[in-house]
Structures are given as C-alpha cells and as structure tokens.
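Trainee: requesting a structural model of the entry that follows:
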Amino acid sequence: MSLFIPTYFAPISQYTEIIKSDNVTFEMEDNFQKQSYRNRCYIYNSNGKQMLNIPLNDKNKGTAKRKKTKDMMVKNDFPWQEHHLKSLQTAYRTSPFYEFYEDDLLSIFTKKYTFLQDVNIDTFLFITDALQINQQYSKTKKYILEENNDDFRKLADIKNQPKQSKKSYIQMFDDKHGYIDNLSTLDLLFMEGPNAISYLK
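Mentor: Residues are numbered from 1 along each chain as shown. So this is what the prediction gives:
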C-alpha cells in the first residue's frame, strides 16, 4: 500500500511515486493544512511561476477542533473554476498538447463541487487517464499513524519536496525565466503529451 493525500492537480513529485505504486491509498482522515498542495497547484505562465488556489468556504473556519481535509468545502461564490481555466488557457494554449486534453479538462471546470476532496479525486482521475495508466485507488477509513517507505503523504506539503524532482524538459517560457522544477503535472502533460509517462519513470 502506498499512502498519498489527494491534492489539486498534483506536482510532478507526487506522480513520480504514484506510477510506481501497485496500490494507491488516499488518506481521507488527515487534518487540513494551509499552504499545501491540497488546494493549490503551480503552473508556468509568461511571468514565471503562478499559483492557482481553490478558495475555501468560510464555514470551514471557527471550529473548536481542527478540520479534516475531507470536510473542507470550496467557496463557489467566487468564480475560481473560470479563473483557473482562463489561466491555463493563457499559459498553455500554444503548447504542443494543450488542445489534446482541453475537452476533458472542461468537465472539471464546469462541474459544481461542494467538497475539496471531490475536486482533487477528479483531478487525479483526469491525470491518470491522460497518462494512460489504470491506477486504482482506495480510501482510508481511519487515520494511519505509522510511517514507512511507502508513506508519501509529506508530498502534499509544499515545504517537503525533493530538491530536484527529475531531469528538465522544455517548458513554455524557459527562454525567459529558466527551468522551473516540480510544477503541476499539467505542465508536463501540456509540454510532453504521451511522453509524459516516460519522463515520470
């Protein structure tokens, strides 16, 4: 069992481990942590690294105990899906493979969500389908305390990333800003297309 936390269009570091895993298990009982990949991802635009952040509902605040990630609700009175889609279109519409994946992406950005975890599971399903891997997953029913070599929950933490995840690949604006490591796996997909799976291996 390989243990992960569902994240929003997860970074390359997470999918490098997911494709090696025979059995992906998503931690559903963890406490939500701010400034993590649980509700944000990073892409490459003409100005460099850009964060796409899912706003969270105000109802998530003010509780006596910490809120579990699975209970976090998204804030839909702000058009975050429209904003994220436009940001991706602006950054990648001239990339080699953006059009190849655009129709499937639209389903995520037009679907109405209540819970953050549902968004993250859908982005996982989108990326595994785009990579053409039949990666099955299960969900925990209680919090798993023990850590072992197959515990990759720390990869949801922005501060717990590999110093250099993989070798470089051509990016949209690397002539202006240089190579940016460990962006969302979307960046790799839009640039490498079907070859992305070979890069992750």
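
Trainee: surely residue 172 meets residue 48?
Mentor: No. Using Cβ atoms under 8 Å, residue 172 is not in contact with residue 48; the gap is 10.9 Å. In short, each C-beta sits where N, CA and C put it, glycine included.

Trainee: who has more neighbours, the two?
Mentor: residue 172 (21 against 11; other Cβ atoms under 10 Å).

Trainee: please report the distance of the more buried one from residue 140.
Mentor: 37 Å (Cβ to Cβ, to the nearest Å).

Trainee: residue 3 belongs to a helix?
Mentor: No. Membership of residue 3 in a helix is not supported by DSSP: H, G, I helix; E, B strand; the rest coil, which gives strand.

Trainee: quick check: it touching residue 152?
Mentor: Yes. Assessed by Cβ under 8 Å, residue 3 is found in contact with residue 152 at 6.2 Å.

Trainee: in terms of neighbours, single out the busier of these two.
Mentor: Between residue 3 and residue 152, counted using other Cβ under 10 Å, the more crowded position is residue 152 (22 against 19).

Trainee: pLDDT value on the more buried one, please?
Mentor: Note on residue 152: pLDDT of 94.

Trainee: what's near enough to touch it?
Mentor: Taking Cβ atoms under 8 Å, 6 or more residues apart in numbering as the criterion, residue 152 is in contact with 2, 3, 4, 14, 17.

Trainee: one more time with 10 Å
Mentor: 2-5, 13-14, 16-18, 20-21, 24-25, 27, 160 (Cβ atoms under 10 Å, 6 or more residues apart in numbering).

Trainee: nearest to residue 33, of these?
Mentor: Of all the contacts of residue 152, residue 5 has the smallest distance to residue 33: 9.2 Å, by Cβ to Cβ.

Trainee: phi and psi next, for the closest one.
Mentor: Here is the backbone geometry of residue 5 (degrees, to the nearest 10): phi -110, psi 130.

Trainee: surely residue 125 is in a strand?
Mentor: No. Under three-state DSSP, residue 125 sits outside any strand and is assigned helix.
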